[in-house]
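>>> Fold the stuff below for me.
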Amino acid sequence: MPSNTKSPRASTRRSTATPPCAGALTDRQLLGFYRQMVLIRRFEERAARAYTEAKVGGYCHLNLGEEATVAGLMAAVQPDDYMFTNYREHGYAIARGIDPARVMAELYGRSDGVSRGWGGSMHMFDIASRFMGGYGIVGGQVPLATGAALAIDYRGGSEAVVCLMGDGTTNIGAFHESLNIAALWGLPIVYTVVNNGLGMGTTVEQSSAEPELHKRAASYRMASARVDGNDPVAVHAAAQVALASARKGKPYLLETVSGRLKGHSVVDPARYRSREEAEALKAADPVAAYAVRLYEKGLLTDELIAQIDADAVGAVAAAVEFADASPFPDVSTLFDYTYATPVPNDSRRLPGSALFPAPPRASADERAGVSA
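Prediction:
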């Protein structure tokens, strides 16, 4: 396709959606951010404990320290928009409206989980909420999200796509290829980089020649912004601008800067951090900072803080009880969700099974006859 053209039906798409929570936020919405942040914090703390209890298998990456970004961003996303995330996804799934009990059951590998127990921490998928999965491969979601935006554009839809990624993803080829084609074709997508300052244990400054990652959008004449990821109100406002741009056929790169309170995953002790760095992150805890902000505004009291925390703890306890009671999936369902529709000759070979059928073997009598 020539570089000066858009996608096949870009001119037919119309933006009919109105951004939610337009204008000034109400007190109820401000408190809603806090409730959601506390719920995600308590959920992730319990998930970390479950991992040490061997109830969660595989890898497990937590949103601890990212709660403000989750709450602000997800409040701006509409129900018919599509979400693609990386493997740090629990909080986004909950904020998208997926029952925390189903999220916890998926962490436990149980059949009542979001992905019927076969996805685990990194691969949650829920078509009803248009939560299109977490992806274990760094940047694996970026081309897929771009393809979803192309599909929306081709159909002339009004939806948008939000594609979440970490800072390390901005250094892979698929990131640049996706932004380039999205800009050329005017696709309705917001690429959201959650910059926690570390690609696993390597700082952004050590791995990126341009550490202000949103500036990479300039290479594709794409609008962008950098926002304080510890402030849910600021993230919400920036996300509204980004989504409004995307719906008009102008893709957007949004960078939220929020620290990671723990290691890259549950098993990472984060020894690459100095004690001073760890203390600075703890002091900048977005949940505590936002609580102080609402307290000073007169929206929170000591009693309400305690009640919100108790509600969150209760919801998480109920999620754990649900996950514990859910059965493990039967091995016969292992391949049920490999493809959306039947595919001829798809492999159903279980791990450890022979690639080819064993050749027929002669019986002992037949072998004796041959020897004679």
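
>>> Helices of this protein, residue ranges please.
Assigned by DSSP state H, the helices in the chain fall at 27-52, 67-76, 90-95, 100-107, 141-155, 173-185, 204-207, 232-247, 275-283, 286-297, 302-325, 364-371.

>>> As JSON lines, those helices with mean neighbour count, mean pLDDT and distance to G58 would be great.
Heads up, the C-betas are built off the backbone N, CA and C, glycines and all. Output for the helices of the chain, formatted as JSON lines (neighbours: other C-beta atoms under 10 Å; pLDDT from 0 to 100; distance: least, C-beta to C-beta, whole Å):
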{"stretch": "helix 27-52", "mean neighbour count": "20", "mean pLDDT": "97", "distance to G58": "9"}
{"stretch": "helix 67-76", "mean neighbour count": "28", "mean pLDDT": "97", "distance to G58": "22"}
{"stretch": "helix 90-95", "mean neighbour count": "26", "mean pLDDT": "97", "distance to G58": "13"}
{"stretch": "helix 100-107", "mean neighbour count": "26", "mean pLDDT": "97", "distance to G58": "9"}
{"stretch": "helix 141-155", "mean neighbour count": "22", "mean pLDDT": "98", "distance to G58": "18"}
{"stretch": "helix 173-185", "mean neighbour count": "19", "mean pLDDT": "97", "distance to G58": "24"}
{"stretch": "helix 204-207", "mean neighbour count": "14", "mean pLDDT": "84", "distance to G58": "26"}
{"stretch": "helix 232-247", "mean neighbour count": "23", "mean pLDDT": "98", "distance to G58": "29"}
{"stretch": "helix 275-283", "mean neighbour count": "11", "mean pLDDT": "88", "distance to G58": "26"}
{"stretch": "helix 286-297", "mean neighbour count": "16", "mean pLDDT": "96", "distance to G58": "27"}
{"stretch": "helix 302-325", "mean neighbour count": "15", "mean pLDDT": "97", "distance to G58": "15"}
{"stretch": "helix 364-371", "mean neighbour count": "9", "mean pLDDT": "69", "distance to G58": "45"}
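
>>> Distance to V114 for those - can I get that in CSV?
Formatted as CSV, the helices of the chain follow (distance: least, C-beta to C-beta, whole Å):
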stretch, distance to V114
helix 27-52, 13
helix 67-76, 16
helix 90-95, 7
helix 100-107, 4
helix 141-155, 16
helix 173-185, 25
helix 204-207, 31
helix 232-247, 23
helix 275-283, 29
helix 286-297, 24
helix 302-325, 11
helix 364-371, 53
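
>>> of these, which approaches G133 most closely?
G133 lies closest, by C-beta to C-beta, to one member of the helices of the chain: helix 141-155, at 7.1 Å.

>>> List of residues touching that closest one?
With contact meaning C-beta atoms under 8 Å, 6 or more residues apart in numbering, helix 141-155 is reached by 6-10, 13, 82, 84-86, 132-135, 159-165, 169, 174-175, 177-178, 181-182, 185-189, 191, 246, 249, 251.

>>> Make a ChimeraX selection of the buried ones in those.
Buried members of these, defined by 16 or more other C-beta atoms under 10 Å, are picked up in ChimeraX with:
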select :7,10,13,82,84,85,86,132,133,134,135,159,160,161,162,163,164,165,169,174,175,178,181,182,185,186,187,188,189,191,246,249,251
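
>>> Show only the entries of the contacts of helix 141-155 found in strands.
Of the positions in those, 82, 84, 161-165, 189, 191 sit in strands, assigned by DSSP state E.

>>> Farthest-apart pair in the residues you listed, please.
Y82 and M165 (14.8 Å).

>>> Just read off the phi/psi values of the residue sitting nearest the centre point of the chain.
Taking C-alpha atoms, centre = their mean, the centroid of the chain lies closest to T85, which sits 3.0 Å from it. Torsion angles at T85 (phi, psi; degrees, to the nearest 10) stand at phi -130, psi 170.

>>> how near is the residue nearest to it when sequence neighbours are not counted to V313?
Leaving aside its sequence neighbours, T85 sits nearest to L164 (C-beta to C-beta, 6 or more residues apart in numbering; 4.5 Å). With distances taken as C-beta to C-beta, to the nearest Å, L164 is found 27 Å from V313.
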